[in-house]
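Participant: Sequence and predicted structure, then a few things I'm wondering about:
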Amino acid sequence: MMTKTVFALVAWFATLLPVFAQSPLLTMVNAEKAFAQLSRDSTTRTAFLRYLAPDGILFVKGKVTNGREFFTAGPERAGKLTWQPVAADISASGDLGYTTGPWEARPKALTDNPTRFGHYVTLWRKQADGTWRVALDIGISHPAPPAPPANQIRAVTGVRSVTNADTAQSRDELLAYDHQFVKALEKNGAATTYPQFLAAQTRLYRMNQQPFLDRTTIDSALKQPVTLGFLPLSASVSESGDLGYVYGNAQVLTNVAGKAAKQTGNFLRIWKKESQGQWKIVLDLISLEPAE
């Protein structure tokens, strides 16, 4: 026989079910999972055309490209692209969020062994009809991971009291702050600059390397002898002004066997306001084309 305490706990949990069921974070993650499942069941082209926003963008050979136009004009590609979200976050207003996780590519069918690996980042924006659509999709490639990733889906931790921010003003503010970051980077280098702008929980994605997910490995990666250059092209911010992203062109200069090597591509930085109202980087990605 259940005690009154148990009955009370059951009743309390039952009152929470509608909250979980209606959670914007959960509905966004479910949209991501449905997006990935459609790619498995059908084709990548079909999945992207179903979930891309009308103005959703991709990065094709270093160029910002309208995703729907790209997939509509392009031929169906052989092979299977699969992915899964392992981390996600969303704005306090519930209109903008992101998902990220590993992807695998197989030459023909799901029964084939994967031949290419990487990590993706998808920015999601809620549409006027309440559906979620892909606003931006980008990723990196890297060797096969040493082990399956752990599920790290997490909830909102940003400024929750801001509900009616001036979106245009917030966007300008974020672009100005990102510009400040880029200028500091040019002057002081990555190892000195990044730690001042990174959130406590952050992700660093670099081509041909496994994601850096903790401060020890991130700090080590930032000490690599490379010179980074960024040219921001655009930005977008949530209605609550606590989550936003900046994207644009990237350049990486390295020294290989005494010779300078340059790679160009694109970058994505996702920024989030901490409880004190300060913008911090929660995800920093550089996707590069083959070296010159």
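Facilitator: Cool, got the structure. Residues are numbered from 1 along each chain as shown.
Participant: Could you check how far the residue lying closest to Ala34 once chain neighbours are set aside is from Val256?
Facilitator: In space, and not counting its chain neighbours, Ala34 is closest to Tyr51: 8.0 Å by C-beta to C-beta, 6 or more residues apart in numbering. C-beta: built from backbone N, CA, C; applies to glycine. Note on Tyr51: its distance to Val256, by C-beta to C-beta, to the nearest Å, is 39 Å.
Participant: Same question for Leu198.
Facilitator: For Leu198 relative to Val256 (C-beta to C-beta), the value is 27 Å.
Participant: now swap in His119 and tell me
Facilitator: Taken as C-beta to C-beta, the span from His119 to Val256 is 24 Å.
Participant: Between those two, which is the more surrounded one?
Facilitator: The neighbour comparison of His119 against Val256 (other C-beta atoms under 10 Å) goes to His119, with 22 against 8.
Participant: Could you pull out the strands in the stretch 1-150 of the chain for me?
Facilitator: Assigned by DSSP state E, counting those that start in this stretch, the strands in the stretch 1-150 of the chain fall at 52-60, 63-66, 80-83, 87-90, 96-106, 116-126, 132-142.
Participant: Can you give the distance from the third one to the centre of its chain?
Facilitator: Right, the one you point to is strand 80-83. 17 Å (C-alpha atoms, centre = their mean, to the nearest Å).
Participant: The residue sitting nearest the centre point of the chain pairs with what?
Facilitator: Geometric centre of the chain, nearest residue: Val121, 3.2 Å, by C-alpha atoms, centre = their mean. For Val121, the beta-bridge partners are Thr100, Ile138 (DSSP bridges).
Participant: if I look at it, how far off is Gly277?
Facilitator: 25 Å.
Participant: Could you point out which of the strands of the stretch 1-150 of the chain sits nearest Gly244?
Facilitator: Closest to Gly244 of the strands of the stretch 1-150 of the chain is strand 96-106 (C-beta to C-beta; 7.6 Å).
Participant: average pLDDT for the closest one?
Facilitator: Average pLDDT, strand 96-106: 96.
Participant: Next: stretch 40-51.
Facilitator: In the prediction, stretch 40-51 has an average pLDDT of 96.
Participant: Check stretch 72-82 too.
Facilitator: 90.
Participant: Need the distance between the two termini of that stretch.
Facilitator: 20 Å (C-alpha to C-alpha, to the nearest Å).
Participant: again with stretch 120-138
Facilitator: 6 Å.
Participant: buried sites along it?
Facilitator: 120-126, 132-138 (16 or more other C-beta atoms under 10 Å).
Participant: for stretch 196-210, same thing?
Facilitator: Phe197, Leu198, Ala199, Gln201, Thr202, Arg203, Leu204, Tyr205, Arg206, Met207, Gln210.
Participant: And that stretch, end to end?
Facilitator: 23 Å.
Participant: Keep only those of the buried residues of stretch 196-210 that are in strands.
Facilitator: With DSSP state E as the criterion, strands contain Leu198, Ala199, Gln201, Thr202, Arg203, Leu204, Tyr205, Arg206 from among those.
Participant: What does the closest residue to the first one other than its chain neighbours show for phi and psi?
Facilitator: When the adjacent residues along the chain are set aside, Leu198 lies closest to Ile281, with 5.2 Å between them (C-beta to C-beta, 6+ apart). Backbone dihedrals for Ile281, given as degrees, to the nearest 10, come out at phi -80, psi 120.
Participant: Thr82 and Ala250: what is the separation?
Facilitator: Taken as C-beta to C-beta, the span from Thr82 to Ala250 is 27 Å.
Participant: So the residue nearest to Leu198 versus Pro54, what's the distance?
Facilitator: 29 Å.
Participant: before we move on, what about Lys126?
Facilitator: With C-beta to C-beta as the criterion, Lys126 and Pro54 are 14 Å apart.
Participant: Could you check stretch 223-242 and say which residues are buried?
Facilitator: Here stretch 223-242 shows Val226, Leu228, Phe230, Pro232, Ala235, Ser236, Val237, Ser238, Glu239, Ser240, Gly241, Asp242 as buried, counting by 16+ other C-beta under 10 Å.
Participant: Report how many residues lie close to the residue nearest to Ala34.
Facilitator: 23.
Participant: Over to Ala221?
Facilitator: Neighbours of Ala221 (other C-beta under 10 Å): 17.
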